[in-house]
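Participant: can't give you the sequence, but here's the structure:
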């Protein structure tokens, strides 16, 4: 099953500087093994293949890594991000200077494995709520420095993104409410201070808070850590008087609880586990010499 | 059980620039919610506490994050890296400007959760081989940009580090052997080209390769993907003629297989799963107003 | 008249790196005049004062510049951002090593003059629409590298901000509509692809476009380059059926036209001239020796 | 009228890193509107045209912006920096991926508008003093981070540059004189401390200071804030005994006063207003689909 | 005589960012002389030639400098790193825009001269110990920021490298021994704390220290500042019981003492003077106009 | 003998970023030896002392290095830059965490040794021309990345600086003359294109060129590679008609030739060897434990 929705692509601009830093981390003063044991002119071809079933994400990112090490490496993706792959699927072919391929290998795989792992897990959550109309969203519990990549992997897996960071939407949580005095005060302050192009979301745990959030004119209500039953009631309350308000369910969402929550009617289910726990998909690079390939 | 070994500490120099970049990722043009809803002079105290059992790692890193956002935040660690903590344990207290604490919260927790997750998993592997004399080592399958932090977390969990990157030891794998022509040639080339302060490790899959590696004078032999039985035999062969050679077992090591491999006598067992799959330990920050605390 | 609204403050984090680069631009290999003619131990005090009437903005920014050159310079602001100042008003006092003060002077003044110029102009627009309920907003026509500072100066002057950049809200303009095929298609694509925390704004020039934008469910409608009369009609149309939709008026707004547009009922009036044309407020630094001051 | 003098070109090296930072400011995590509503393969052509009369500056800079976003965008300048353009003039054509053009548009225009505004204003000052032999020079009152661009725009407009920063010439002002003790002392110290390749300029306000500056052997004398009459006298004094000394007139120079000052004989007239007040020239980008263009 | 050993090549990745910074140092706001006096379209050819005998190193580095300034400059190396060149030898030809060649000239020569100077001096040391089996190694006494280049130049001259920095091998010196308590304690702590892929070297000055170092199992023993006689004795002692241990001689090694030390049997002789004292090889760039060349 | 002239100090701003990069080069992922063998709380005191006679330069730079590694290290300089020191002189004391002192040691010494070596050599040249009125100047043949430090060391040794880079003075050499057509043309172009605050220097090799340079109004004439006799004649020619013109002698100036050249009357003698060949002054750090010191 291909991802049926249009996916916001990854802007490649943001990647280059990071890949440079990440290569620096691994290569430092130089890949001594490849430089010492592989001849400068030696060329190889190789395949990147999966050793497990899953959803692939990061083909373009892996390509950028090889290009960053050496523009002379040819990289041909054989699957597209979002495709369901089976164990044994060839994801890409690489061809070029052996030294460069070996120096780039680990970083390319580390990224591809993690991103594919996130897409794979997201797809499982998306399938768990299929047919309910609910959408699976990520959180800010991403790996530091990898937010754009991980949020892209979530989209590739069929999920949607919550805000990119603390700067592109207002999310008033209990700590803000305490510091502000009340939901009412916090929403009013936010409405006056932030651009009118920005939405304001309020996290509520009780029905009193829900009433206050609705009255204060929040654009999105996050129902935090509610049972499916309470959530159904809350959704009904919101739908009755404030049809424009978006509803988000949050808090300890597991694959098991996902469907119940979805059935309760919350439009968006945000799942921290999509990115706070990363299960790399097993992906390898196999190299063979130029001659072997030709024969 | 505290980690009984002296642990190579983390050099804090390397952290500051990264934390700045990671904060930039989350804060961008500004934490609009905190800036809009929390008064500039508002102060809070809070506790960072664990919601699960595990081994804590990253207390000093979390402290650096709060300091990077605002040197006016006081941070008091209540446990030390390496301690086994139970659900409910308070890991640290923070006190200072509420805005600053809220802006730093997510990055501090994202790091602390991941590092503690790695230490916790490492400890499990270490305990699985306890008494065999084997040591659990990490690999280069770390999160890009996080290698120093993740290798430190492995040490905190009682494991040891393999090389830091491609620059501080020679590891000749099958791809290098193919490109070089033979193990013999590859080791000879490496011995001449790299500093004599560097060790040379060779990965072998067969007993023929093992013989060639021993003859060529490798400092470390990595036994790749061998059954416990074959490994026992290989270890015996190495110990008989080359007592100075270090032995490393590698390839698909799981908690289940760990003890068997350890019993086979390989001194070092390298485990990619320590860092290629990250299970965040559940850690939270709870804030309460200054007044509440005083009363 | 002080700015009566809560103003989203400037996050000082974002400033430090820029100030370092800007100082580098001016100081390069060193301020040869001060280094050659002023003794290392020489100290001075000085005042920063205005030579024109206006609204001050950037006191904290100027302070950061002096601190960046030399933490030993004491800076005491005497007015707060947003205050209306008259010619002759002392804005701040500085005291410390003369070399450091002279090396920092130009950058501090360049920033303070520009930011105060923007705040002053914004205030004029705000006063022009006073009583109509309309709010004056900025655009992305800011000086490259100065967006955060200039948007802050707009807030200080009593205006509000439109989006910070291309990343925190969707604004579908005629070029997007052409490339997408229709407003309907563009809004649908955006709704699916971007986070649900993000608002979608559509720019319309005709009443047909307005109908399509309303049907497609845009959160904000920008009425582009309409006469006051047509705008009144458009506002009436929107208010009648879509009370939740925000209205923005845009296009060649001058101080003269501002009030008419405001009276037409558009809630937000975005004014490119707030930042695309910068009139520095005349602000100077006068230094006098330590002894002179003491006597 | 084209600029008849050879103009020191802008070194493109210095631009690339800045353009990258400025794009980051506008694009952040990505241009969500273009990414969501414009198809990846969609191509457009467009024209950059002026909506006002003026002197164009920055064509090459705009080209660099498009190239930085996407080397696949073709940019063809149709006028050269320094040309006088009329409302409606097409300055350049762009052709390529629509997403890339839209993402680059704002930054390219923001730079082109500001630089052309500076060149246009400079030309007005140059024309005001035409025939007097005086030359119009800029100051260090430039926008932080834009000094090279703005000084280039001044040259394009027919002006000349004063020093690039605090590092490439000595300019002794009243604050330095106070701290040093006397003009004599300051010039002597500077002469001994700075490279002999550097000129020394002294700012004078009185005729006593002028005598002291001449005796101390200053290379350039800046007559600060003098009336045209006093300036004539000062120029006569300098010319009589020190024909090698350059004369600069400075301080509150407006278009109105410019000619009088020029007639007084000061060779160089430095005008802070060239860059401390920026009036963007109105320049737009119009896009049309590929097909439309072909037909 | 060409260098007969395979030499670990320089990873070009590490160079680009540095060359950018070094160009910035020399070019700053622009090469005013070339920009003002050389026409934009003017092209030249030129040769880089040696004015002294020596060993060349850095041809590829010089090429990178010209490319960094302008990819339009063609650079053709005529000798390879490691070749012995005589006064008058042409090292490379350059062809392209005159401005670019002149702007790059100084940095390219500064690097080429220094690197060739280091290779030349290294070769002298290597020849002084020829036939003894000893190898000449560098130290960490390199020019800050140039370590990779200088260590490469040492390899080009026929020497070998000691560790790259403080991170890729353990070297326990007297200060560490004092702080640790004893050699035994220091080696034990290091063995437990650092990766098993890392070697441990101990510096000894007395025979008691030598015994302790051998017992503690050091991989390398550095004999510091010993006379040739004592060194012979120490080498004998090590060879007798610990054939696997590498021996390094260090301390005030001059060309004169080198052969005696080598004859004493220490395998590695580390020479601080290879890089702490730099004697640039005299290398020049001569330009001639395009036409002249053709005729 | 202290340097009797006021010396342009080094702006410490420029150093911090470089020291950070240079530390990164040496420390990389961490100083494994110190981290593994020295206890976290261990403190030491130590002295930096000279093992040779010379002129010291860089005390403040060494201090910055220790501070960059650890602000907890106390550094007390005991001599000032420019002092003549004898073998055995204590230059500074350091006190603080042993780990930090050891991690900073090498970089601090590498800088101090090189800078003092340059100051020492400069002093020798200055003394060689003492009494002639000639001044010894440096060139752009500095170590890439170290220009500010090396030019400062030249000043400390009693020399003066030539231009800082290609940006702060015009120096028309034979290549520019060829490309421009004539000295006359090149000087005219430069005069029109560069700021009037900048001097124009012309390099001449013949008396015809000298005449042309004088007629064209060059501010400085560089007599390149002339014998002392021809130089005398050239100086006479310049002094007779153009007393304002500065004279610089250049080309293969050695200590031996220096005095002859100086006697020929050229005011400035530029010496590439001051920085293209670096002879480090031998300087060491000796550490002793805290207790030892106290007793």
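Facilitator: Perfect, thanks for sending it. Treat the numbers as computed from the prediction; the structure is a model and nothing was measured.
Participant: Secondary structure element holding residue A:48?
Facilitator: Element membership of residue A:48, judged by DSSP states H and E, is strand A:43-50.
Participant: Strand partners (parallel or antiparallel) of that strand?
Facilitator: strand A:90-97 (antiparallel), strand A:283-289 (antiparallel) (DSSP bridges).
Participant: So what touches the shortest one?
Facilitator: The contact list for strand A:283-289, computed with CB atoms under 8 Å, 6 or more residues apart in numbering or on different chains, reads A:44-51, A:91, A:94, A:98, A:101-102, A:105, A:108-109, A:112-113, A:116, B:175, B:178-179. Placement of C-beta: from N, CA and C, glycine included.
Participant: ok, 6 Å please
Facilitator: A:44, A:46, A:47, A:48, A:50, A:51, A:105, A:109, A:112, A:113, B:175, B:178 (CB atoms under 6 Å, 6 or more residues apart in numbering or on different chains).
Participant: Please report the number of neighbouring residues for the fourth one.
Facilitator: Using other CB atoms under 10 Å in any protein chain shown, the number of residues around residue A:48 comes to 26.
Participant: In the stretch 1-150 of chain A, which residue sits closest to chain C?
Facilitator: Nearest to chain C, among the residues of the stretch 1-150 of chain A, is residue A:8, at 4.3 Å (CB to the nearest CB).
Participant: pretty sure that residue is touching residue D:34, no?
Facilitator: No: when contacts are counted by CB atoms under 6 Å, residue A:8 is not listed as touching residue D:34 (10.4 Å).
Participant: Over stretch A:142-158, what's the mean pLDDT, rounded is fine.
Facilitator: Mean pLDDT, computed over stretch A:142-158, is 97.
Participant: so does that stretch get close to chain B?
Facilitator: Yes: against chain B, stretch A:142-158 shows contacts by CB under 6 Å from any CB of the partner chain at A:143, A:144, A:145, A:147.
Participant: and what of stretch A:267-281?
Facilitator: Yes: using CB under 6 Å from any CB, stretch A:267-281 reaches chain B at A:276, A:277, A:278, A:279, A:280.
Participant: give me the low-pLDDT residue ranges for chain A?
Facilitator: By pLDDT under 70, the weakly predicted segments of chain A are A:1-6, A:12-13, A:289-295.
Participant: quick check: domain ranges of it?
Facilitator: Using automatic domain parsing, the domain ranges for chain A come out as A:12-116+A:279-289, A:127-276.
Participant: Output those in a markdown table, with distance to residue D:18 appended to each entry.
Facilitator: Formatted as a markdown table, the domains of chain A follow (distance: least, CB to CB, whole Å):
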| stretch | distance to residue D:18 |
| --- | --- |
| domain A:12-116+A:279-289 | 14 |
| domain A:127-276 | 22 |
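Participant: Please give me every residue in contact with residue A:36.
Facilitator: B:189, B:190, B:193, B:194, E:8.
Participant: Give me the number of neighbouring residues for the third one.
Facilitator: Put plainly, it is residue B:193. 22.
Participant: Excluding chain neighbours, what is closest to the residue of the stretch 1-150 of chain A at minimum distance from chain F?
Facilitator: The minimum distance from the stretch 1-150 of chain A to chain F, using CB to the nearest CB, falls at residue A:28 (6.2 Å). The shortest distance from residue A:28 to any non-neighbouring residue, by CB to CB, 6 or more residues apart in numbering or on different chains, is to residue B:167 (3.7 Å).
Participant: so who does the one you found touch?
Facilitator: Residues in contact with residue B:167 (CB under 6 Å, 6+ apart) are A:28, A:29, A:30.
Participant: Narrow the residues you listed to just the buried residues.
Facilitator: For the contacts of residue B:167, a burial check counting by 16 or more other CB atoms under 10 Å in any protein chain shown picks out A:28, A:29, A:30.
Participant: quick one: which of those residues is nearest residue A:183?
Facilitator: residue A:28 (51.2 Å; CB to CB).
Participant: Do a quick rundown of the helices in chain A.
Facilitator: For chain A, helices defined by DSSP state H occupy the ranges A:13-27, A:32-37, A:59-69, A:98-128, A:147-156, A:174-180, A:183-193, A:207-216, A:228-241, A:255-263, A:273-276, A:290-294.
Participant: any chance of the contacts of residue A:36 in TSV, plus distance to chain F?
Facilitator: Listed next are those as TSV, based on distance: CB to the nearest CB, whole Å:
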residue	distance to chain F
B:189	24
B:190	20
B:193	20
B:194	16
E:8	17
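Participant: What about chain A: which of these touch it?
Facilitator: Answer for those near chain A (CB under 6 Å from any CB): B:189, B:190, B:193, B:194, E:8.
Participant: between those, which has the most around it?
Facilitator: Counting by other CB under 10 Å, top hit in the ones next to chain A among the contacts of residue A:36: residue B:190 with 27 neighbours.
Participant: any idea how far that residue is from residue B:225?
Facilitator: Residue B:190 sits 23 Å away from residue B:225, going by CB to CB, to the nearest Å.
Participant: now swap in residue A:71 and tell me
Facilitator: From residue A:71 to residue B:225 the distance is 34 Å (CB to CB).
Participant: For residue A:179, which residues are in contact?
Facilitator: Counted by CB under 6 Å, 6+ apart, residue A:179 has contacts B:38, B:42, B:98.
Participant: Quickly name whichever of the residues you listed is closest to chain D.
Facilitator: For the contacts of residue A:179, the nearest to chain D is residue B:38 (23.6 Å; CB to the nearest CB).
Participant: In contact with that closest one, which residues are there?
Facilitator: A:179, B:98, B:99 are the contacts of residue B:38 under CB under 6 Å, 6+ apart.
Participant: Find the nearest non-adjacent residue to it, please.
Facilitator: residue A:179 (4.3 Å).
Participant: do residue A:237 as well
Facilitator: Distances taken as CB to CB, 6+ apart place residue A:210 nearest to residue A:237, at 6.5 Å, with adjacent residues excluded.
Participant: How about residue A:73?
Facilitator: That would be residue A:96: by CB to CB, 6+ apart, it lies 3.6 Å from residue A:73.
Participant: which parts of stretch A:129-144 are buried?
Facilitator: In stretch A:129-144, counting by 16+ other CB under 10 Å, buried: A:129, A:132, A:134-144.
Participant: meant to ask about stretch A:45-58, not that
Facilitator: A:45, A:46, A:47, A:48, A:49, A:50, A:52, A:54, A:55, A:56, A:57, A:58.
Participant: that older thread, now, the residues of stretch A:267-281 next to chain B that are in strands?
Facilitator: Those of the residues of stretch A:267-281 next to chain B mapping onto strands are A:277, A:278, A:279, per DSSP state E.
Participant: The last one and chain C, how far apart?
Facilitator: So that's residue A:279. With distances taken as CB to the nearest CB, to the nearest Å, residue A:279 is found 24 Å from chain C.
Participant: any idea how far residue A:120 is from that residue?
Facilitator: 8 Å.
Participant: same check, this time on the second one
Facilitator: According to CB to CB, residue A:278 and residue A:120 sit 11 Å apart.
Participant: Check residue A:260 too.
Facilitator: 23 Å.
Participant: Between those two, tell me which one has more neighbours.
Facilitator: residue A:120 (23 against 17).
Participant: wouldn't the more buried one be in contact with residue A:57 here?
Facilitator: No: Residue A:120 lies out of contact with residue A:57 (CB under 6 Å); the separation is 8.3 Å.
Participant: since we're on the residue of chain A at minimum distance from chain D, how many residues are nearby?
Facilitator: Proximity to chain D, evaluated over chain A using CB to the nearest CB, is greatest for residue A:11 at 4.1 Å. Counted by other CB under 10 Å, the residues lying close to residue A:11 total 22.
Participant: Would you quantify the distance from the nearest residue to it once chain neighbours are set aside to chain B?
Facilitator: Closest residue in space to residue A:11, ignoring its immediate chain neighbours: residue D:30 at 4.1 Å, by CB to CB, 6+ apart. Using CB to the nearest CB, residue D:30 is found at 12 Å from chain B.
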